[in-house]
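In: Please work out how this folds:
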Amino acid sequence: MKCTEIGEQLMDVAAGVEVEPQVAAHLRTCAACTERLESLQRTMTLLDEWQAPEPSPYFDSRLGARLREQEAQPRSWLMWLRKPALAAAMALLLAIGSLLYTGRGHEELTQVQPPGTPVGDLQVLDRNHDIFTNFDLLDDLTPDEGHSANP
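Out: Numbering: from 1, shown residues only. As a prediction, the model looks like this:
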């Protein structure tokens with residue numbers, strides 16, 4: 001067997017798992033693999049002896065107080081944006097809404113409507129904006145000019 005093939009199984013050997021006879025034969029003949037195995041065994045022994053430090057006696061009470069402080073702080077309406085799923089859903093809704101708004105509603109207003117309908121009257125006013133903004137011209141009209149009386 002090659003050293004690269006043995007390297008994948010060294011953790012099992014270091015843990016005491018029974019291995020194939022070829023692996024054991026390779027370890028007896030290869031000094032580099034034997035050295036790596038011994039290094040792994042020393043590391044595992046150190047990790048077995050290591051004890052995690054105990055938290056201070058007031059850790060739980062301080063953690064609880066900190067959590068209560070965080071909950072008591074006023075929340076911004078933008079706080080929900082920190083949740084990626086909600087932010088993505090809102091962005092998708094805004095994109096779809098803007099596409100619908102700009103795509104469909106604008107086309108209906110740009111079509112010329114017949115006069116007499118509310119939209120048609122607004123379009124006539126829009127086209128004659130200059131005339132209707134200058135009402136002084138209408139004041140200058142005499143009653144005779146303003147009415148075309150048909151006898």
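In: What's the first helix or strand after the helix or strand of the chain with the lowest mean pLDDT?
Out: Across the helices and strands of the chain, mean pLDDT, DSSP states H and E gives its lowest value to helix 106-110, namely a mean of 52. Beyond helix 106-110 on the C-terminal side, the first helix or strand identified by DSSP states H and E is helix 118-127.
In: how about that following helix: buried residues?
Out: By 16 or more other Cβ atoms under 10 Å, the buried positions in helix 118-127 come out as residue 123. C-beta: built from backbone N, CA, C; applies to glycine.
In: Outline the domain layout of this protein.
Out: With automatic domain parsing serving as the domain definition, the record reports that the chain contains domains spanning 3-48, 90-128.
In: Just give me the residue closest to the centre of this structure.
Out: For the chain, the residue sitting closest to the mean C-alpha position, by Cα atoms, centre = their mean, is residue 84 at 4.1 Å.
In: Just checking the distance from whichever strand or helix holds residue 44 to the centre of its chain.
Out: Element membership for residue 44 (DSSP H and E) is helix 31-49. The gap between where helix 31-49 is centred and where its chain is centred comes out at 45 Å by Cα atoms, centre = their mean, to the nearest Å.
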